[in-house]
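A.B. asks: Provide a 3D model corresponding to the input given below.
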Amino acid sequence: MMVIPPTIGVILILVGIILFIVDLSVTNHGLLTAGGIVTLLAGGLALLEAGVPYSGLLPEDYYEVGQRARGVRLALEASPAALVPCHNDPWPGNLLDADGRIYLIDWEYSGMNDPMWDLADLSVEGGFKLEQDRAIMEVYYGRGLSPALYSRLEVYKAMSDLHWSVWGFVQRAKGNPAEDFWSYGLERLGRSKARMSGADFGQHLSVVRTGGLQHHSSYSDTPALYSPNCAEI
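C.D. replies: So this is what the prediction gives:
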């Protein structure tokens with residue numbers, strides 16, 4: 001069996017961090033971020049297989065979560081969705097209430113993406129319950145939705161937490177003093193792990209893998225989040 005030198009793992013992790021940093025200054029957010037996640041995972045796995053600890057760069061749980069995320073990536077690749085312009089960071093702090101009119105701001109990370117990402121990320125950041133999830137899904141897609149779309153939503157919720165955990169670790173690696181990004185990353189990583197360890201997650205993943213997207217009601221191709229800088233909802 002070929003042994004991967006630890007140096008390769010270190011290089012891959014550094015390249016992954018660089019991809020994240022570069023992505024902060026581009027508008028087509030998504031491709032570099034995806035590359036950063038994959039490269040960080042590959043580097044971490046290479047270090048672990050070589051018997052080298054993370055040395056504080058990434059937590060030990062990252063290996064286990066990364067292995068599970070590989071299965072998620074394969075499932076999503078087996079059932080791709082049409083890409084539309086997305087915000088990619090719709091947390092409550094980016095929603096402004098101006099005399100009853102809601103504006104979505106901070107389009108730094110916007111780009112082409114599966115629209116389900118925005119819905120799942122909004123659900124996670126807003127702490128939505130089942131009723132609220134159903135409401136936002138029906139507003140975007142219409143009524144009469146198949147259970148397959150809800151499975152896709154649950155899968156993306158786990159990926160949302162994983163994505164922002166990596167973002168937190170990158171902020172720490174950059175030396176961002178704004179807050180304790182290590183603790184933030186650990187919290188989000190733990191939440192992602194808990195979601196993927198849930199009793200129903202395997203079933204959700206199976207539904208996504210088998211291509212349930214073709215069994216939902218028709219919806220408009222016009223994305224819900226449509227302005228390059230600021231959108232009124």
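A.B. asks: the helices in this protein, which residues?
C.D. replies: 6-23, 31-49, 61-78, 115-126, 130-141, 147-174, 181-196, 201-209 (DSSP state H).
A.B. asks: quick check: domain ranges of the chain?
C.D. replies: Domain ranges of the chain: 1-58, 80-232, per automatic domain parsing.
A.B. asks: if I look at Asp200, how far off is Ala148?
C.D. replies: Asp200 sits at a distance of 14 Å from Ala148 (criterion: CB to CB, to the nearest Å). Where C-beta positions appear, they are placed from N, C-alpha and C, glycine not excepted.
A.B. asks: In terms of neighbours, single out the busier of the two.
C.D. replies: Taking neighbours as other CB atoms under 10 Å, Asp200 and Ala148 compare with Ala148 leading, 19 against 10.
A.B. asks: Just confirm Met159 contacts Val72, I think it does.
C.D. replies: Yes. The criterion here is CB atoms under 8 Å, and Met159 meets it with Val72 at 6.2 Å.
A.B. asks: shaky segments in the chain?
C.D. replies: 1-57, 212-233 (pLDDT under 70).
A.B. asks: could you dump the helices of the chain to a markdown table with distance to Ile105?
C.D. replies: Shown next, in a markdown table, are the helices of the chain (distance: least, CB to CB, whole Å):
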| stretch | distance to Ile105 |
| --- | --- |
| helix 6-23 | 19 |
| helix 31-49 | 20 |
| helix 61-78 | 28 |
| helix 115-126 | 14 |
| helix 130-141 | 19 |
| helix 147-174 | 18 |
| helix 181-196 | 21 |
| helix 201-209 | 31 |
